[in-house]
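# here is the input, now give the coordinates:
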Amino acid sequence: MNLNSSLNESVVNVPLCLTFDNSYSWKSIKILVLCIITLFGLFGNVLVLGIFYKFKQMRRSTTNKFIFNMAVCDFARSIFYLPINLASAIADSVKWLIGGDFGLFLCKLFPFVGEVTIAVSILTLVVIAVDRFYAILFPLRKGILTQKVCQLTIILTWILAIGLYSSIFYTAKLDDHGTCIMDWGPYFDDYKTQKHYYISLFVILYAVPLSLITILYLAIFFELHKSTTHECNGFHEQERRKENKRILQMLVSVVILFALTWAPLHVYAFLRYFYINTTLNSHLICQMHALQIITVFTMNFGCAINPFLYFIFLEKYRNNLKVVLVYLLNKKPSKLLSSTANEKTSERFQACSTYDWQETTI
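Predicted coordinates:
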């Protein structure tokens with residue numbers, strides 16, 4: 001995070017590693033994969049946003065609102081961030097294609113939007129975990145995230161993310177070769193400041209969130225698998241638990257995907273900041289070069305795959321997806337709309353029929 005541009009200045013530019021990735025076949029594969037990721041990211045997230053546009057009842061659930069927030073982030077990344085890597089692959093250069101003041105503005109804007117949306121997604125995953133924990137472990141209590149609190153929380157995630165990455169408007173610069181780089185000079189030592197800044201972001205936006213989410217989901221997992229003695233309706237209680245398990249599976253899949261896709265970038269950063277300077281050899285340089293190539297793909301997978309995880313695990317999203325697809329194809333979706341609108345409220349299972357305090361499903 002905030003390394004995607006700054007790491008371009010690293011040892012990978014040493015000509016010892018200019019081997020397979022300069023071949024025409026490899027360039028074609030790289031462009032094709034990035035095009036697929038970009039198209040899937042745009043198409044999948046447009047469908048998710050379309051579901052929220054067509055079905056107002058989807059906006060009543062706090063979890064759905066957070067999913068919408070993540071879909072906005074993934075869509076923004078697909079527009080502002082993925083094209084940077086794609087253009088670089090097509091032009092076969094890290095040189096910024098637009099110069100002058102407008103080019104400098106885009107050099108600051110595009111990385112800023114990309115990094116902020118990543119941070120918002122991570123913070124949203126943490127908030128969802130807290131919301132799910134409270135909803136499932138305390139189903140008879142009134143939820144802590146009311147509609148107003150939910151909206152405020154979403155706004156706060158954006159404010160915090162913008163604050164964390166506001167430094168990009170200072171560090172993002174076009175060097176003499178026209179490359180968009182992150183440089184903390186002249187007021188700060190570039191290498192040391194970037195190192196400390198990265199460590200702070202790693203703790204705030206990777207280590208701590210993953211640890212907290214893991215603890216909360218483990219607690220939810222054990223709660224869902226233990227027998228309860230206060231069931232007032234066995235059938236509804238069982239269905240509610242099945243629905244919550246599906247939601248948990250979806251959320252855990254999103255978190256695991258996030259952890260795995262961003263792990264290579266953090267491995268790269270730790271090698272660069274804590275190992276590469278003390279053990280500099282051609283073999284390690286080429287390994288770093290290969291690892292950097294991997295990060296170009298992995299750090300973009302999430303925004304393309306996340307929306308399809310919603311469709312895989314959540315039946316309501318799949319049902320509404322059919323309506324949205326028909327709507328986008330300009331056909332008459334009257335039958336589908338009527339069947340979806342007439343869904344019984346039994347799909348939103350409650351802990352007990354007598355208590356309607358806590359929303360535990362979406």
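
# next one: the closest residue to Lys173 other than its chain neighbours from Ile84, what distance?
Spatially, and ignoring its direct neighbours in sequence, Lys173 is nearest to Asp183 (5.2 Å; CB to CB, 6 or more residues apart in numbering). Yep, even glycine has a C-beta here, placed from its N, CA and C like the rest. Counting by CB to CB, to the nearest Å, the separation of Asp183 from Ile84 is 18 Å.

# now Ile204
Here the distance between Ile204 and Ile84 works out to 24 Å (CB to CB).

# more neighbours: which of the two?
For the pair Ile204 and Ile84, the greater number of neighbours falls to Ile84 (20 against 16), based on other CB atoms under 10 Å.

# leaving out sequence neighbours, find the closest residue to that one.
Using CB to CB, 6+ apart and skipping the chain neighbours, the partner closest in space to Ile84 is Phe110 (5.7 Å).

# that neighbour contacts Ile79, doesn't it?
No - under the criterion of CB atoms under 8 Å, Phe110 lies out of contact with Ile79, with a separation of 9.6 Å.

# neighbour count winner among these two?
For Phe110 versus Ile79, neighbours defined as other CB under 10 Å are more numerous around Phe110 (20 against 17).

# element containing the more buried one?
Using DSSP states H and E, Phe110 maps to helix 100-137.

# ok, Ile305 next?
Once you assign secondary structure using DSSP H and E, Ile305 falls within helix 282-313.

# now find how far off-centre that helix is within its chain.
How far helix 282-313 lies from its chain's middle: 12 Å, per CA atoms, centre = their mean, to the nearest Å.

# what does stretch 116-128 give?
With CA atoms, centre = their mean as the basis, stretch 116-128 stands 7 Å off its chain's centre.

# now stretch 306-323
Relative to the chain's own centre, stretch 306-323 is displaced by 17 Å; criterion: CA atoms, centre = their mean.

# rounded mean pLDDT for that stretch, please.
Across stretch 306-323, the average pLDDT comes to 89.

# stretch 83-93 too?
Rounded to a whole number, the mean pLDDT of stretch 83-93 is 76.
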